[in-house]
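Engineer: Sequence plus the predicted model coming up.
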Amino acid sequence: MIYQFTVTVAEAKRLIAKAIGVMPSVKKALSSGRVFLKGGTTVSAVSEELGGPPLRISGRISPSGTRAALEQVNAPHCLVFERGVPLAADGRLEEVVYSLGPEDVAVLGANLIDSRGGAAMMAGAALGGPPGRVLAGLAAQGTQVLIACGLEKLFPGCIEDAVNACGRSKVDRAMGMAVGLIPVYGRVITEVEACRVLAVVEVQVVGRGGVSGCEGGTTLVAEGEAEDISRLMEIVNSVKGAGTSGVPESMVECRPGCESCRRHRACAYRISKER
C-alpha cells in the first residue's frame, strides 16, 4: 500500500516529536534514567510529547532575520526528565550534563543539516550562551544524542563550509544578531526517519515547499503493509493543523534597544537606531 501525504513545517515538528517519544532508547531513559532537552521549537514539541511543558524559545529565524526573544520569560529553556519527572535544567547545566551516562538520551535541535548527517546550531550569544558551553560535554559523557530537525533545515552543501562562512565576530552587518554555527553530533531525526520509527514503511520525499501555510513543507510517499500505512495515516492526521510549540510569551521577537541588544553583535536594526 502506498500513501502520499504532506506536512507543514509545524506538523513535521510534531511528527518528529511523536517518533522520538516512542523510540526504545527514549522510553527506557524516561522510565529509569534521564532525558535531557535543549530548547527549540522542535524540542519543545518533544517535551510536550513526553508529558512535559512547552519550552522557552530563545533564538529564532523570522522574516526579519536571526532574532532573539524580547524578554527573558520565566519558563525552562532546558529540561531534564529524571525517571519521567520534568525538572528545569537552566542554571545547573554543567551538573546535569555531567550526570548523564550512555543509557541516557539528550535531544537537541539544529538550524542546519546536510545530506551526510552533519548538523549545526546557531549561536548569537557569546560562547553560544549557557547551553553552548555544555554541548561538547554530551559527547564527552557518551550520552546518546538525538538531533530533532525537519527537512526545511537541509541544505545542499556541507556543514564545515557553512561553519567557516559565518561567525559572531566575523559578520559586519546582519538582519538581527550575527551568528556563528556550532556543529552538533548525534542521530538526526527528520520527517523521513520519524515515519520509519512510527511504522514499518519505506519513505521517499517527493516534493518540498508549498503555499497557503505550507511554505517549507514536505510531501512524502510511504510504502508498506496496509496495517502500517493505516497506523501512519492515523498519526499524520493527528498532527494536521498543529501549531509551533513553545511558551507563547517567549515567541515575541526582540526589538532595537531591548535587553538582548547588549549580548548581540552587528545587528543592523540596533545600529540604525543608535545613529
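Structural biologist: Perfect, thanks for sending it. The shown structure was predicted, so the numbers you read here are calculated from the model rather than taken from an experiment.
Engineer: Just to check, R14 is in contact with N237?
Structural biologist: No - in this structure R14 lies outside contact range of N237 using CB atoms under 8 Å: 11.6 Å. In short, each C-beta sits where N, CA and C put it, glycine included.
Engineer: Neighbour count for these two, which is higher?
Structural biologist: R14 (27 against 10; other CB atoms under 10 Å).
Engineer: Go through the helix or strand that that one is a member of and flag the buried ones.
Structural biologist: Secondary structure here is read from DSSP states H and E; on that basis R14 sits in helix 9-22. Neighbour counts over helix 9-22 (16 or more other CB atoms under 10 Å) mark 9-21 as buried.
Engineer: Just the C-alpha atoms of that helix, please, in CSV.
Structural biologist: Included here for helix 9-22 are C-alpha records, laid out as CSV according to Å, rounded to 0.1, in the frame of the first residue of the first chain:
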residue,chain,number,x,y,z
VAL,A,9,6.9,22.6,9.0
ALA,A,10,5.0,22.8,12.3
GLU,A,11,3.3,19.5,11.6
ALA,A,12,6.6,17.9,10.8
LYS,A,13,8.0,19.0,14.1
ARG,A,14,5.1,17.2,15.9
LEU,A,15,5.6,14.1,13.8
ILE,A,16,9.3,14.1,14.7
ALA,A,17,8.4,14.5,18.4
LYS,A,18,6.0,11.6,18.2
ALA,A,19,8.7,9.4,16.8
ILE,A,20,11.2,10.4,19.4
GLY,A,21,8.6,9.7,22.1
VAL,A,22,8.3,6.0,21.1
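Engineer: elements contacting it?
Structural biologist: Packed against helix 9-22, as judged by 3 or more CB pairs under 8 Å, 6 or more residues apart in numbering; DSSP states H and E, are the following elements: helix 41-49, strand 144-148, strand 187-189, helix 191-198, helix 226-239.
Engineer: how close does the most centrally placed residue in the chain sit to C166?
Structural biologist: When CA atoms, centre = their mean is applied to the chain, the residue found nearest the centroid is G109 (2.6 Å). Distance, G109 to C166, by CB to CB, to the nearest Å: 18 Å.
Engineer: Pull the number of nearby residues for D172.
Structural biologist: The number of residues near D172, taken as other CB under 10 Å, comes to 9.
Engineer: Kindly provide the distance from it to A178.
Structural biologist: Applying CB to CB, the value for D172 to A178 is 8 Å.
Engineer: Next: C254.
Structural biologist: Plainly put, C254 is 14 Å away from A178 if you go by CB to CB.
Engineer: before we move on, what about E82?
Structural biologist: Distance, E82 to A178, by CB to CB: 37 Å.
Engineer: who has more neighbours, these two?
Structural biologist: Between E82 and A178, counted using other CB under 10 Å, the more crowded position is A178 (23 against 18).
Engineer: May I have the phi/psi pair for that one?
Structural biologist: The phi and psi values for A178, taken as degrees, to the nearest 10, are phi -70, psi 140.
Engineer: Pull the contacting residues for it.
Structural biologist: Residues near A178 by CB atoms under 8 Å, 6 or more residues apart in numbering: T66, G124, C166, G167, R168, S169, K170, V171, H264, R265, A266, C267.
Engineer: mind listing which of these are in helices?
Structural biologist: Secondary structure assignment (DSSP state H) places none of these within helices.
Engineer: okay if I get the helices and strands packed on helix 9-22 as TSV plus distance to G91 and mean pLDDT?
Structural biologist: Putting the helices and strands packed on helix 9-22 into TSV (distance: least, CB to CB, whole Å; pLDDT from 0 to 100) gives the following:
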stretch	distance to G91	mean pLDDT
helix 41-49	17	98
strand 144-148	22	98
strand 187-189	28	98
helix 191-198	32	98
helix 226-239	33	98
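Engineer: closest one to E259 among these?
Structural biologist: Smallest distance to E259 across these (CB to CB): 21.7 Å, for helix 41-49.
Engineer: Let me know the next secondary structure element after the closest one.
Structural biologist: Note on helix 41-49: by DSSP H and E, the next helix or strand toward the C-terminus is strand 60-62.
Engineer: Who are the contact partners of K27?
Structural biologist: Contact criterion CB under 8 Å, 6+ apart gives G21 as the residues in contact with K27.
Engineer: mind redoing it with 10 Å?
Structural biologist: Contact analysis of K27 by CB atoms under 10 Å, 6 or more residues apart in numbering lists G21, V35, L50, V105.
Engineer: what do C254 and A178 both touch?
Structural biologist: By CB under 10 Å, 6+ apart, C254 and A178 have these common neighbours: H264, C267.
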